[in-house]
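In: Fold the following, please.
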Amino acid sequence: MTGTTFGVEEEYLLVSPETSLPTASAPEVLAAVRDLPPGAMAQPELLSSQVEFATGVCRTAPELREQLRAGRSAVADAAGRVGVLPVAVGNPPLPGRVPVTRGSRYREITSLYQGLMTDYQCCGCHVHVGVPDRATGVAVLDHLRPWLPTLLALSVNSPFDRGEDTGYGSWRAVRQSSFPGWGVPPLLRTVERHDRLVEAAVDTGVLVDPTMTFWLARLSPKYPTVEVRAADTAATVDGAVLQAVLTRALVDTALAALERGEEAPDHEPAVLTAALWSAARHGTAGQGVDPTTGRAVRAEDLARALLAHVRPALDADAGWVADLALRGRSGAALQRAAGDDGAAGVEVAARVAGAAGAKVPTGAMGAAGAVSALAEVFTAPGS
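Out: Presented below is the predicted three-dimensional model:
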């Protein structure tokens, strides 16, 4: 692969080991975090049940994998000292209201979006890839547009909500689609148009500030990178590495196209929206939408098309990336398998009833089993 720099930001949910419900423990966990990799950091998120781990700047997949392992281990050790569990999941399988993290900006966000923020504890995997300047970054974003639904499909890890199986692979994507401008960014072409659209969203009152667009790929407001935010937080280290390596390969492929003078083609926004919905619904296990033809196709074929598109950029990593992308089990499948078994959730479901003081959702047993499975693989070694 090329030497393009990249890094990952992962959001984790903190849950009670007794009830599997979200717990407002982020301040205590963050205070207890020790021994992070060089350049990495752990920080708060919107709600007090969430923490974010950000790797340092990496150049190789093994380096990124080691940073993610070390970061997850540090967060898990800190959570253990506090008496809670971290799980990497796109949406809480079981319900639990927690306070908003302290800070004026978080208050502004919750004030603006009101009911959309109620119990909003969604967690994503954000991949940063270095670009030489903002103009190049905008051109790269245009080339990434048709591939964002497939990145989402490969990442699905949030089938449960409020104790029930939603039928979707990524309920996180469904929840986020309610926010203004969420989805594939428009065809931008220039930095001026990019900035004008962001400023208009702020001026019209639908964004708190220019740093918080809901596009699934954007220019990072803090770093000289493009930031791709299509994915659910990965259940495993390998899932996060896969998302990062594919994203970097897409950026490298776009950079090569730009060197050849190839401008990104346009795609019908309605088709891209349909492709995102199908990706959230089915992952790679069912039907998808081809952004170029607008036709229904097998989602697995879209994954194969992405792999073929980035094959030169993957270079020596192409074998294990293809194996993991096409034969690896998604986080949603992992959760559903644990939920179907249900054994891990029987006792927990009873505790949920006591903690909630109300009737347990009919699927709470399976959702509790899913939480247990997620906790087991949180720090599992990668390949």
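
In: For the protein, which residues score under the pLDDT cut-off?
Out: The model of the chain has pLDDT under 70 over residues 1-2, 341-363, 382-383.

In: Tell me which helix or strand comes right after the top strand by length along it.
Out: Longest strand in the chain, counting residues (DSSP state E): strand 6-15. Later in the chain than strand 6-15, the nearest helix or strand by DSSP states H and E is helix 26-32.

In: So what touches that next one?
Out: Under the criterion C-beta atoms under 8 Å, 6 or more residues apart in numbering, residues 14, 42-45, 47-51, 75, 77-79, 81-82, 84, 86, 101 lie in contact with helix 26-32. Every C-beta, even on glycine, is put in place using the N, C-alpha and C of the backbone.

In: Restrict these to the buried ones and give me that as a ChimeraX selection.
Out: Remark: buried members of the contacts of helix 26-32, expressed as a ChimeraX selection using 16 or more other C-beta atoms under 10 Å:
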select :14,42,44,45,47,48,49,50,51,75,77,78,79,82,84,86,101
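
In: In helices only, show me the contacts of helix 26-32.
Out: Those of the contacts of helix 26-32 mapping onto helices are Val75, Asp77, Ala78, Ala79, Arg81, Val82, per DSSP state H.

In: Thought Ala249 was touching Val310, still the case?
Out: Yes: using C-beta atoms under 8 Å, Val310 is in contact with Ala249, at 3.7 Å.

In: Not counting sequence-adjacent ones, nearest residue to Ala274?
Out: Setting aside the residues directly before and after it, Ala274 is nearest to Val289 in space (C-beta to C-beta, 6 or more residues apart in numbering), at 4.8 Å.

In: ok, Trp277 - how many residues close by?
Out: Counted with other C-beta atoms under 10 Å, residues neighbouring Trp277 total 18.

In: Could you measure from it over to Leu112?
Out: From Trp277 across to Leu112, the span is 25 Å (C-beta to C-beta, to the nearest Å).

In: before we move on, the earlier item: out of Val310 and Ala249, which sits in the busier spot?
Out: Ala249 (27 against 24).

In: Please list all residues in contact with that one.
Out: Ala249 makes contacts with Met1, Val310, Ala313, Leu314, Val321, as judged by C-beta under 8 Å, 6+ apart.

In: would you put the C-alpha positions of the strand or helix carrying Glu227 in CSV?
Out: Assigned by DSSP H and E, Glu227 falls within strand 225-232. What follows is strand 225-232, C-alpha atoms only, in CSV (Å, rounded to 0.1, in the frame of the first residue of the first chain):
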residue,chain,number,x,y,z
THR,A,225,-7.7,14.9,6.2
VAL,A,226,-10.9,13.7,4.6
GLU,A,227,-13.0,12.1,7.3
VAL,A,228,-15.3,9.2,6.3
ARG,A,229,-18.1,8.5,8.8
ALA,A,230,-20.2,5.9,7.0
ALA,A,231,-19.6,3.0,9.4
ASP,A,232,-21.0,1.8,12.6
